[in-house]
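J.: Sequence unavailable; structure follows:
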């Protein structure tokens, strides 16, 4: 059986993912964990410290279950690594487990930032951005300026981020269900590659 600390941590992942930091309360977390309400302070020190622990735990869980990098990146083309990156994003979004909590936590941080905003974007998302930046750089020639490369990275992230919003939002917006994930991965990858090719062509035409 999981110890009390682990139960509280996993329950907090679910509650924070569902409600966000501001609307989540310690009593709900402890009730779901079947733990005494004092367990949060005893094991984590405070709700704030628990939240930071939850962010790191959920991010690590997502990285373990659905890594954004291929197992052997040197053996894969940039196009295949981009497809893997997008697929992993979708897999996290449609996951019902702890790894699926991380995208939901990110949505809360985007729509209602907390004290942990810097931790999220500088510590947890920065490696992801560097990974995608490396892939995009391989797909673009050297003459493409840095600011356009950064926009390509941001736009690929944007294609993935839309699907992180709630299932009802996905249904109402585009009738998207988990069963359609592979189809949308293929389409999103195709769309991203087309955009990158367009940037490449535009820069080459400007310089010709």
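T.: Thanks, I have the structure now. Given the structure is predicted, the values throughout are model-derived calculations rather than measurements.
J.: Looking at residue 179 now. What's its pLDDT?
T.: On the pLDDT scale, residue 179 is placed at 70.
J.: same deal with residue 184?
T.: Model confidence at residue 184 (pLDDT) stands at 83.
J.: from memory it sits against residue 163, does it?
T.: Yes: in this structure, residue 184 is within contact of residue 163 by Cβ atoms under 8 Å, at 7.4 Å. No exception for glycine: its C-beta is placed from N, CA and C like everyone else's.
J.: Report the buried residues of the lengthiest helix in the chain.
T.: Identified as the longest helix of the chain according to DSSP state H is helix 181-207. For helix 181-207, a neighbour-count test (16 or more other Cβ atoms under 10 Å) marks 181, 184-185, 188-189, 192-193, 196, 199-200, 203 as buried.
J.: Mind putting those residues into CSV with distance to residue 134?
T.: CSV is the format used below for those (distance: Cβ to Cβ, whole Å):
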residue, distance to residue 134
181, 25
184, 24
185, 20
188, 19
189, 17
192, 15
193, 16
196, 13
199, 17
200, 16
203, 19
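J.: and residue 50, how many neighbours does it have?
T.: 24 (other Cβ atoms under 10 Å).
J.: what residues are up against it?
T.: By Cβ atoms under 8 Å, 6 or more residues apart in numbering, residue 50 lies in contact with 8-9, 12, 29, 40, 44.
J.: Give me the buried entries from those.
T.: For the contacts of residue 50, buried by 16+ other Cβ under 10 Å: 8-9, 12, 29, 40, 44.
J.: Would you quantify the distance from the closest residue in space to residue 207 that isn't next to it in sequence to residue 54?
T.: Excluding the flanking residues, the one nearest residue 207 by Cβ to Cβ, 6 or more residues apart in numbering is residue 143, at 6.0 Å. Taking Cβ to Cβ, to the nearest Å as the measure, residue 143 falls 44 Å from residue 54.
J.: shaky segments in this protein?
T.: 1, 166-178 (pLDDT under 70).
J.: Centroid-nearest residue for the protein?
T.: residue 103 (4.6 Å; Cα atoms, centre = their mean).
J.: now the helices for this structure?
T.: Counting by DSSP H, the helices of the chain are 4-23, 26-33, 39-44, 47-65, 78-93, 101-111, 117-118, 126-139, 146-161, 167-174, 181-207.
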